[in-house]
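*Asks:* Next comes the sequence, and after it the predicted model I'd like to discuss.
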Amino acid sequence: KAGVTQTPRYLIKTRGQQVTLSCSPISGHRSVSWYQQTPGQGLQFLFEYFSETQRNKGNFPGRFSGRQFSNSRSEMNVSTLELGDSALYLCASSFGSGGYEQYFGPGTRLTVT
Amino acid sequence: AQSVTQLGSHVSVSEGALVLLRCNYSSSVPPYLFWYVQYPNQGLQLLLKYTTGATLVKGINGFEAEFKKSETSFHLTKPSAHMSDAAEYFCAVSGLGNNDMRFGAGTRLTVKP
């Protein structure tokens, strides 16, 4: 079974731009969650989508948004990029929501200059 | 609200020695607890999880963890460290009905030859 894939793997953007990251979950998984990882703040939950609906959202500004498609693939968007948005963005998929193992992709390394 | 605290940001052991990585949790509801490992420039890999039932959980690569409700702990152990165990380890907690996973700050494990 193929794992979670994320594209692109690396991205360099300029302040003020916007960016879209993509995540393809493991086949059969309906939940996709997004996390931001930085040296200072560690791993922080962004949001979770289950069957195309956002179930939970972490404590991030509205510039961070996401969506999930009918095939469970998910995208997250960050608008008006700030230097502090530089991070590794990790996507995780799971079969269900609540107590299920989450399987992580390799991440997208975003650098904002 | 749930949270975890990992005691010790760096742990160094000799090859063949016992590995003990500490994690304490805080949760107002019965928690789901997880241990993940992250190798450089990679995503997170699930080592083991506790949901309900047996409090001693065995995972991959010879790791195991014991859920102790009285101590609110979920420490990770491995009897004999290998060089390949050198990585960053994260303890995480989530609650019922969602995949909002809260991670500890991580413990970097170094294995000396």
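*Replies:* Yep, it's here.
*Asks:* so what's the residue most central in space within chain A up against?
*Replies:* Central residue of chain A (CA atoms, centre = their mean): A:Trp34, 3.3 Å from the mean position. When contacts are counted by CB atoms under 8 Å, 6 or more residues apart in numbering or on different chains, A:Trp34 touches A:23, A:45-48, A:66, A:74, A:76, A:89-92. Placement of C-beta: from N, CA and C, glycine included.
*Asks:* do B:Trp35 as well
*Replies:* Contact analysis of B:Trp35 by CB under 8 Å, 6+ apart lists B:21, B:23, B:46-49, B:59, B:63, B:65, B:74, B:76, B:89-92.
*Asks:* Those residues of chain B touching chain A, which are they?
*Replies:* With CB under 8 Å from any CB of the partner chain as the criterion, chain B meets chain A at residues B:32, B:34, B:36, B:41-46, B:49, B:51, B:90, B:92, B:94-106.
*Asks:* List only buried entries from those residues.
*Replies:* Among the residues of chain B next to chain A, those buried by neighbour count (16 or more other CB atoms under 10 Å in any protein chain shown) are B:32, B:34, B:36, B:43-44, B:46, B:49, B:51, B:90, B:92, B:94-95, B:98-106.
*Asks:* Spell out the secondary structure type for the residue nearest to the centre of chain A.
*Replies:* Judged by DSSP: H, G, I helix; E, B strand; the rest coil, the three-state class of A:Trp34 is strand.
*Asks:* What separation do you get for it and chain B?
*Replies:* Distance of A:Trp34 to chain B, computed by CB to the nearest CB, to the nearest Å: 10 Å.
*Asks:* Now that residue: closest residue in space that isn't a chain neighbour?
*Replies:* Closest residue in space to A:Trp34, ignoring its immediate chain neighbours: A:Leu46 at 4.1 Å, by CB to CB, 6 or more residues apart in numbering or on different chains.
*Asks:* isn't the one you found right next to A:Gln36, touching?
*Replies:* Yes. With contact taken as CB atoms under 8 Å, A:Leu46 and A:Gln36 are classed as touching, separated by 5.8 Å.
*Asks:* what residues are shared contacts of those two?
*Replies:* By CB under 8 Å, 6+ apart, the residues touching both A:Leu46 and A:Gln36 are A:60, A:89.
*Asks:* Mind listing the residues bridging to B:Leu33?
*Replies:* Applying DSSP bridges to B:Leu33 gives these bridge partners: B:Tyr50, B:Val93.
*Asks:* what does B:Val111 give?
*Replies:* Beta-bridge partners, per DSSP bridges, of B:Val111: B:Val13.
*Asks:* Just give the number of residues close to it.
*Replies:* B:Val111 has 19 neighbours, counted by other CB atoms under 10 Å in any protein chain shown.
*Asks:* how close does it get to A:Tyr89?
*Replies:* Taking CB to CB, to the nearest Å as the measure, B:Val111 and A:Tyr89 are separated by 29 Å.
*Asks:* The residue nearest to B:Pro31 when sequence neighbours are not counted: neighbouring residues, count only.
*Replies:* Using CB to CB, 6+ apart and skipping residues adjacent in sequence, the residue nearest B:Pro31 is B:Val93, 4.8 Å away. B:Val93: 23 surrounding residues under other CB under 10 Å.
*Asks:* Contacts only, for B:Val93.
*Replies:* Residues counted as contacts of B:Val93 (CB under 8 Å, 6+ apart) are B:2-4, B:25, B:27, B:31-34, B:101-102.
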